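In: structure for the following, please:
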Amino acid sequence: MKSLAAFGYGLAALAFLLLSLVGFRQWRPWRHFQLFTTASLLTALWALVSSWEAQRQGAPGPASLLLELLRNAALLGLLLQILEKRRPDDTARPTFFILLILAGLGLPALLVADLLVSAGSDTLPRLIPTVRHTFWLVTALTGLILVEQVYRGARSEDRWALKFLCLGLGALFAYDFYSYTYLVLFRSLNLDIWMARGFAVVLIAPLLGLAASRQETRSGNLVLSRRMVFHGTTLIGAGTYLLVMAAAGYYLRSRGGEWGQMLQTVFLFAALILLAMVLFSGTLRARLRVFLNKHFFSLHYDYREEWLKFTRLLSEGQPGERLCERAVEALAGLAESPGGAIWLSESDGTYRRIAYWNMADIEGEIGAESPLIKWLKNQQWVINLDEYRFNPQHYDSIELPSWMHDHRDAWLVVPLLIHEDLIGFIVLKHSLGNITFNWEVSDLLKTASRQAAMHLAQMQANNALVVARQFESFNRTTTFVIHDLKNLVAQLSLLLSNAEKHRHKPEFQEDMLATIESSVTRMNKVLAQLRRANEVDKNQLIDLVKLLPEVIESKNAFRLKPVFVANCEQALVRGDPAQLTRVIGHILQNALEATPEHGQVTMTLECNAHRIALEIVDNGMGMSAEFIQERLFRPFDSTKGAGMGIGAYECREYVRSLGGQVVVNSTPGRGTSFSIQLPQAQVPAEKIGVAA
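Out: This next block holds a predicted model:
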């Protein structure tokens, strides 16, 4: 067995000696030539000494351990040189990885030594080998981390030249990590692993030779991106934590007596659960990212990466699909915010919440003439609500709505601007990473919000165009109907006038003439209504207390009878009685159709000095919040096979034209509440002439 191990190490020495000689002749143009050749020579010398020790004593001695230390130092230096060569300005500072390596080499060893020495001075002689073995283990782990950083940081065109170098050195450090992990945990050398090590190193030599030959004409430019630094720091931290926990577990096993092995198992299992909780914590990841950006980079953001991620999130999916939510999510990602909500201006000028992302508990509306809207439009600033609460003078002491000012999670108000027009704003939650709001965050959010505003404006324009085209088609159809009705009325009128000359014909013709006359009358009424369809009469006084029973009576065909409750004797509004009857009747009919026969539909009329509220409540099938937000008021979108899909849209638009609003609340499976709120008409009592 000793002879076989010596033969393996001898082959390794020969392979790396040939690698060094070939390197001297052919790879001088490679800028990392010196360190690569030095590492190859040291590896050859280490393998030669290890072959001699394997033949003589069958175990590694001080000489091979010293040469292994020098070999590892040369290999780590080679990897560091590749990482730091031609470093861009906004990448990690060179000292960052040097500090990480020093910490990776020294800190775990010191922690283990301190932990073990505290057990008692009588154990110190036995602790020195454990600390030394842990040092070798951490060195191998550091090598693996640097290999990962070299490959991850290489540009795609340079990975062709680096992949075999990373594969070879990664395999070398992985084998060392495995062998020293066994040594640390069991405090004994596995001779089988050590004797096979020489043959493993022989297999690595061709990989390094191929890597060096590919590097001959390459001039790769490695970039330490923020993602590299983040993943590298996480990997080092996790590795250090596992080493400390392993040492602590070993201490529990050695000092726990007959309970030692059980205590070690429970302790290591708990340590792994704690590590998983830390790694999956969004708050801790965000804070680590902010810490690294603040202390190791000149700017907080990697603008190329942030802009690509922002644009990709805005552009994914079908056109217009969840665009409002994606706009909130994209802006929130720039500030490490876990949620937000978006308000957009609607046809009546009011800014209403359109969508939200992880922030459903903030809701309200604000008028176009409010101080906040005017200030955002004029100043075009991002408002830091924390700063506003502490120093409102910085924002000209503008008055904020209570639902925004008092919301404890609200942090930033980001305006959405197209040229000089404010189409909306976004409210973001507090950052998970405790980001400091400064000029860089503000400028990035303002720039990104203009990009998001362009997408949102395009979505609104597309929706308006679709509606306009549908209305154009609808109006064209109406025009054709009017034309046909006019022709039909003309023909019937001519028939009626000619029939007066033929009264001598059988009596059945008189009945026919009467029917035709009635038809002409009805058609004239339809024609008159179609001609004035676009005219909204807002001047008539309407008493809803008298109007609503007529609306209910028109729905007598339904078996379910609605219950009407009027909490006022008179409820006066201004509008067109026929159209108001139609829109209220549509909402009532929808409630009756959605409610089973054993259910209940209630109409409640409430009045105060300025507003009248009509609430139609049913306990039917209900609607989802997504359906209400995206489809209920969309014209020509119907869930009924024979419906045109304009009833709810017409109701909302007509109520808005009267100065009111429609509020819908619904829960699937529990029912729906439609609230129609209208301004109460103020007229002297002696002048009231009420239309019912």
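
In: for the host helix or strand of residue 168, packing partners?
Out: Here residue 168 sits within helix 159-186, counting by DSSP states H and E. In terms of contacts (3 or more C-beta pairs under 8 Å, 6 or more residues apart in numbering; DSSP states H and E), helix 159-186 is packed against helix 62-84, helix 124-153, helix 191-214, helix 226-255. Heads up, the C-betas are built off the backbone N, CA and C, glycines and all.

In: which among these is found nearest to residue 569?
Out: Between residue 569 and the helices and strands packed on helix 159-186, the shortest separation by C-beta to C-beta is 69.6 Å, and it involves helix 226-255.

In: which parts of the following helix or strand past the closest one are buried?
Out: Taking DSSP H and E as the definition, the helix or strand that follows helix 226-255 towards the C-terminus is helix 260-279. Residues of helix 260-279 classed as buried by neighbour count (16 or more other C-beta atoms under 10 Å): 260, 263, 264, 267, 268, 271.

In: ok, now stretch 169-185?
Out: For stretch 169-185, using 16+ other C-beta under 10 Å, the buried residues are 169-177, 179-184.

In: between these, which is nearest residue 661?
Out: Using C-beta to C-beta, residue 170 is the member of the buried residues of stretch 169-185 that lies nearest residue 661, at 65.1 Å.

In: the closest one: what's it in contact with?
Out: With contacts taken as C-beta atoms under 8 Å, 6 or more residues apart in numbering, residue 170 has the following neighbours: 144, 147, 148.

In: most neighbours, which of the residues you listed?
Out: Most neighbours among those, by other C-beta atoms under 10 Å: residue 147, with 23 neighbours.

In: surely residue 338 and residue 429 touch.
Out: Yes: contact between residue 338 and residue 429 holds when scored by C-beta atoms under 8 Å: they sit 5.5 Å apart.

In: counting neighbours, what do you get for residue 65?
Out: Count around residue 65 with other C-beta under 10 Å applied: 15.

In: ugh, wrong one, residue 39
Out: There are 26 residues near residue 39, going by other C-beta under 10 Å.

In: list the buried residues in the strand or helix carrying it.
Out: Element membership of residue 39 [criterion: DSSP H and E] is helix 33-56. Buried residues in helix 33-56, counted by 16+ other C-beta under 10 Å: 33, 35-54.

In: domain parsing of this structure, as residue ranges.
Out: 2-296, 310-461, 466-531, 540-687 (automatic domain parsing).

In: distance check, residue 368 against residue 610.
Out: Taking C-beta to C-beta, to the nearest Å as the measure, residue 368 falls 20 Å from residue 610.

In: before we move on, what SS does residue 414 have?
Out: Reducing the assignment at residue 414 to three states with DSSP: H, G, I helix; E, B strand; the rest coil gives strand.

In: what does the pLDDT read for it?
Out: The predicted local distance difference test score for residue 414 is 95.

In: is it true that it touches residue 331?
Out: Yes: with the criterion set as C-beta under 8 Å, residue 414 and residue 331 qualify as a contacting pair; they are 6.1 Å apart.

In: overlap in contacts, those two.
Out: Common neighbours of residue 414 and residue 331 are listed as 426, 428, 445, 449 (criterion: C-beta under 8 Å, 6+ apart).

In: may I ask which two of those are separated the most?
Out: Within the shared contacts of residue 414 and residue 331, 428 and 449 form the most distant pair, 10.7 Å apart (C-beta to C-beta).

In: would you map the strands across the stretch 451-600 of the chain?
Out: Listed in chain order, the strands of the stretch 451-600 of the chain (DSSP state E, counting those that start in this stretch) span residues 540-543, 563-566, 572-575.

In: for residue 202, which of the ones you listed is the nearest?
Out: Comparing the strands of the stretch 451-600 of the chain by their distance to residue 202 (C-beta to C-beta), the top pick is strand 563-566, with 91.4 Å.

In: what strands flank the closest one, and is each parallel or antiparallel?
Out: For strand 563-566, the paired strands and their directions (DSSP bridges) are strand 601-607 (parallel).

In: buried sites along the helix or strand that comes right after the strand it pairs with?
Out: Proceeding C-terminally, strand 601-607 gives way to strand 611-618 as the next helix or strand, assigned by DSSP H and E. By neighbour count with 16+ other C-beta under 10 Å, strand 611-618 contains the buried residues 612, 613, 614, 615, 616, 617, 618.

In: shaky segments in the stretch 551-692 of the chain?
Out: Low-confidence segments of the stretch 551-692 of the chain, defined by pLDDT under 70, span residues 557, 636-637, 639-645, 684-692.

In: what does the stretch 301-450 of the chain give?
Out: Across the stretch 301-450 of the chain, the ranges flagged by pLDDT under 70 are 301-303, 317-320, 433-434.

In: the helices in it, which residues?
Out: Ranges of helices within the stretch 301-450 of the chain are 303-315, 323-334, 371-379, 385-390, 402-405, 439-499, based on DSSP state H, counting those that start in this stretch.

In: send the alpha carbons of the fifth one over as CSV?
Out: Output in CSV follows, covering the C-alpha atoms of helix 402-405 (Å, rounded to 0.1, in the frame of the first residue of the first chain):
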residue,chain,number,x,y,z
SER,A,402,-55.0,61.0,6.9
TRP,A,403,-55.0,57.6,5.3
MET,A,404,-51.5,58.3,4.0
HIS,A,405,-50.0,60.3,6.9
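
In: from memory residue 585 sits against residue 558, does it?
Out: No: contact status for residue 585 versus residue 558: not in contact, 11.7 Å apart, counting by C-beta under 8 Å.

In: look at these two and report which has more neighbours.
Out: Taking other C-beta under 10 Å, residue 585 and residue 558 do not tie; residue 585 has more neighbours (18 against 15).

In: how near is that one to residue 380?
Out: Residue 585 sits at a distance of 46 Å from residue 380 (criterion: C-beta to C-beta).

In: ok, now residue 540?
Out: For residue 540 relative to residue 380 (C-beta to C-beta), the value is 45 Å.

In: which residue sits closest to residue 422 in space, ignoring its chain neighbours?
Out: Using C-beta to C-beta, 6 or more residues apart in numbering and skipping residues adjacent in sequence, the residue nearest residue 422 is residue 377, 4.3 Å away.

In: between the strands of the stretch 451-600 of the chain, which one is nearest to residue 420?
Out: Set against residue 420 and scored by C-beta to C-beta, the strands of the stretch 451-600 of the chain come closest in strand 572-575, at 35.7 Å.

In: the closest one pairs with which strands?
Out: Neighbouring strands of strand 572-575 in its sheet, by DSSP bridges, are strand 540-543 (antiparallel).
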